[in-house]
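> Turn this into a model:
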Amino acid sequence: MKKILLFGKKGQVGWELQRSLAPLGELIALHSTSTDFCGDLTDLAGVRQTIRKIAPDIIVNAAAYTAVDKAESEPELAHALNAEAPGVIASEAKQQNAWLVHYSTDYVFNGHGDQPFVETDATEPLNTYGKTKLQGEKNIQASGCLHLIFRTSWVYSANGNNFIKTILRLAQQRDKLTVVNDQIGSPTGAELIADITALALLMTKHNPEISGLYHLTASGSTSWYEFAKYILESAESANLPLKIKSTALQPIASSDFPSAAQRPFNSRLSSLKLAKTFDLMLPAWQCGVKRALTEIFNK
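Sure thing, here's the model as predicted:
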């Protein structure tokens, strides 16, 4: 039976991965506060020791520094978690001849244009978070380990904190709500990411040539404003008590909503390579959002 080591089990993707990876082998899932083994990615020596003790066949790294704005004032911590730690994990994976699965972001691109980015497009991150995630990718690739790097975007789930939860909370509290309308991307469910991860890992057994970088998002795209509108329309249909109706939602420009980190206007990613390699049809972004909302409404 294969041993699978998962870092970041309490995150949105990590939570779903515990479900999707369990049938594939013996799963050891760690969090930063785990006591049996070190799951704290700031403790590089502890991470090395953990990997050597467990000797996994597969390592899945779902841990990361994801506070995009805060990263501007904590670049060292963001770099440690997003760049240094993945490099160490990849080095150990190489020594163990293990596969490494790692998750990256649309923020490695500058967001110019209106076409979906493909894996071979030039990278040019606009903020510290994107820069550290890109360096993490490079460190993994330089290690020579067998790997699957999945770049994804606008991740949400029924668990944890995310855009869906924020919009629902604010719509129940505020009399006015404005949302940015000039950033475009593909809302992608943690459940979809986890399920595709499991499927991809099943295919790695006899196909080492599929090692590489892939974009993984739901199909279609929308703006944050239209995404929020969809959430509120769904909440209204479910008779959720709201102070703000979807029709009262107000679109604004990014320039009207200043933030510490600059964000790309175009976060579209083309998942064509993923679909072809793994023979998949990626669902429309609305499908996953609808499922997550149903789960949230019924909690």
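> which residues in this structure form helices?
In the chain, the helices defined using DSSP state H lie at 12-21, 44-54, 75-79, 85-96, 128-143, 163-173, 190-204, 224-237, 272-278, 285-297.
> now residue 51, nearest residue through space, not along the chain?
residue 92 (4.1 Å; Cβ to Cβ, 6 or more residues apart in numbering). (Glycine included, C-beta is placed from N, CA and C.)
> Can you report how many residues lie near the one you found?
Residues lying near residue 92 (other Cβ atoms under 10 Å) number 23.
> how about it, what does it touch?
Contact analysis of residue 92 by Cβ atoms under 8 Å, 6 or more residues apart in numbering lists 47, 48, 51, 52, 59, 98.
> let's see 7 Å
By Cβ atoms under 7 Å, 6 or more residues apart in numbering, the residues touching residue 92 are 48, 51, 52.
> Narrow the residues you listed to those that are buried.
48, 51 (16 or more other Cβ atoms under 10 Å).
> need the contacts of residue 92 in TSV with pLDDT and distance to residue 15, can you?
Formatted as TSV, the contacts of residue 92 follow (pLDDT from 0 to 100; distance: Cβ to Cβ, whole Å):
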residue	pLDDT	distance to residue 15
48	96	25
51	97	22
52	97	26
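> okay, the contacts of residue 92 in TSV with distance to residue 133 next?
Converted to TSV, the contacts of residue 92 look like this (distance: Cβ to Cβ, whole Å):
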residue	distance to residue 133
48	22
51	21
52	26
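> Could you single out the nearest of the contacts of residue 92 to residue 185?
residue 51 (33.3 Å; Cβ to Cβ).
> residue contacts, that closest one?
5, 59, 89, 92, 96.
> any idea how far residue 28 is from it?
Separation of residue 51 from residue 28 (Cβ to Cβ, to the nearest Å): 10 Å.
> between those two, what contacts are shared?
With Cβ under 7 Å, 6+ apart as the test, residue 51 and residue 28 both reach residue 5.
> how many neighbours does the nearest residue to residue 112 once chain neighbours are set aside have?
Leaving aside its chain neighbours, residue 112 sits nearest to residue 266 (6.6 Å; criterion: Cβ to Cβ, 6+ apart). The number of residues packed near residue 266 is 20, by other Cβ under 10 Å.
> surely residue 266 meets residue 110?
No. In this structure, residue 266 is not within contact of residue 110 by Cβ atoms under 7 Å, at 8.6 Å.
> what's the span of stretch 115-128, first residue to last?
24 Å (Cα to Cα, to the nearest Å).
> now do stretch 21-40
Across stretch 21-40, first to last residue, Cα to Cα, it's 21 Å.
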